[in-house]
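S.K.: Next input, structure requested:
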Amino acid sequence: MESSSSSPNPNDKTAPAPPPTLKVVLLGDSGVGKTCLRSQFVHHVFTNAYRATIGGDYLTTTVTVPPSAPKQSTTRRLEHENDEVELDERESSRLVDSFSPKQVNLQIWDTAGQERFNSISQAFYRGTDVVVLVYDITNYESVLSVRDWFRRFMEFCHVERPGVVIVGNKTDKVNERCVDLEEIQEIITANTSVSVGDYVEDWSTDLKELSSKRLDSVNELFIQVARVGIAATSGEAGRRRIARAYDRVDINRSRPSSSRCSC
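M.R.: Residues are numbered from 1 along each chain as shown. Prediction:
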């Protein structure tokens, strides 16, 4: 009797593809709750003890993205069974995917929000699929800082069109709120050379308020992050992620000019 092997055959084209891995970077001022968001999502742990992140690090976890409803135009097409409509292969694939849950690996980078660590953190921006811009609803300065964080991110991420999700944290302190959700879009898109508004696909879904103390809200956030990442990397909605060429370090340019005096 031949023994059957449970290991997948690499030549078997019917075997399911491994889950894609998306690089996610959390950005925002120090103290807005970036570390708490990631800790709640990955470890289901929240702590009030504040500890500043130095530089940056990442944790990888897997999220299951629930099936999304098909587009309205597609729904109407399905309802009219008597209509003779042929779906091309690409459209059929999208229709099947809309009814199918997806597993996605999220590599979530937590970066320092302090100015003195910017030069270190910027090295972690490269190749990011989704940037999550975090502000504190009780701190107006952290809202204004979103513009600067995004501008620096776009300078160093080397990605043509990354996915963007914006999060207002600390809704558990609603009595201390200093900015309303309805004001955020206008504030963070005004007076900036690189507007985050050009990269947010849907403000109704990609701008959220939550409390990192609530696991359900944090889970919903990262499910949306995964959805945005899938769209950004698959070319949906006419936008395909295009990685720019990485930096080339010119040793001669990096080296300070020599002085005439050697003393």
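S.K.: Contacts only, for A226.
M.R.: L22, V63, V65, K102, V104, L106 (CB atoms under 8 Å, 6 or more residues apart in numbering). For glycine as for every other residue, the C-beta is placed from the backbone atoms N, C-alpha and C.
S.K.: can you pick the most crowded of the residues you listed?
M.R.: L106 (27 neighbours; other CB atoms under 10 Å).
S.K.: I'd like the mean pLDDT over the strand or helix carrying that one, please.
M.R.: Following DSSP states H and E, one finds L106 within strand 102-111. For strand 102-111, the mean pLDDT works out to 92.
S.K.: again, but for stretch 149-164
M.R.: Per-residue scores along stretch 149-164 average to 94.
S.K.: If I look at S259, what pLDDT would I see?
M.R.: The predicted local confidence for S259 is 40.
S.K.: typo on my end, A123
M.R.: At A123, pLDDT is 79.
S.K.: if I read this right, G197 contacts I184, doesn't it?
M.R.: No - contact criterion CB atoms under 8 Å: G197 and I184 do not qualify, at 10.7 Å.
S.K.: which of the two has more neighbours?
M.R.: For G197 versus I184, neighbours defined as other CB under 10 Å are more numerous around I184 (19 against 14).
S.K.: what's the spacing between the residue nearest to that one when sequence neighbours are not counted and I166?
M.R.: Nearest in space to I184, with sequence neighbours left out and distances taken as CB to CB, 6 or more residues apart in numbering, is L207 at 6.1 Å. Distance, L207 to I166, by CB to CB, to the nearest Å: 5 Å.
S.K.: quick one: which of those two has more around it?
M.R.: The neighbour comparison of L207 against I166 (other CB under 10 Å) goes to I166, with 23 against 19.
S.K.: ok, now how distant is the more buried one from H158?
M.R.: 21 Å.
S.K.: Now do the SS call for the closest residue in space to L27 that isn't next to it in sequence.
M.R.: Nearest residue to L27, sequence neighbours excluded (CB to CB, 6+ apart): W149, at 4.5 Å. Assigned by DSSP: H, G, I helix; E, B strand; the rest coil, the conformation of W149 is helix.
S.K.: now W149: how far from Q224?
M.R.: W149 is 19 Å from Q224, by CB to CB.
S.K.: Between those two, tell me which one has more neighbours.
M.R.: Remark: of W149 and Q224, W149 carries more neighbours, 23 against 20, as counted by other CB under 10 Å.
S.K.: S39 contacts F46, doesn't it?
M.R.: Yes - using CB under 8 Å, S39 is in contact with F46, at 6.8 Å.
S.K.: Quick check: which helices or strands does the host helix or strand of F153 pack against?
M.R.: Following DSSP H and E, one finds F153 within helix 140-156. If you count contacts as 3 or more CB pairs under 8 Å, 6 or more residues apart in numbering; DSSP states H and E, helix 140-156 packs onto strand 21-27, strand 130-136, helix 181-189.
S.K.: Out of these, the one nearest A123 is which?
M.R.: A123 lies closest, by CB to CB, to one member of those: strand 21-27, at 11.3 Å.
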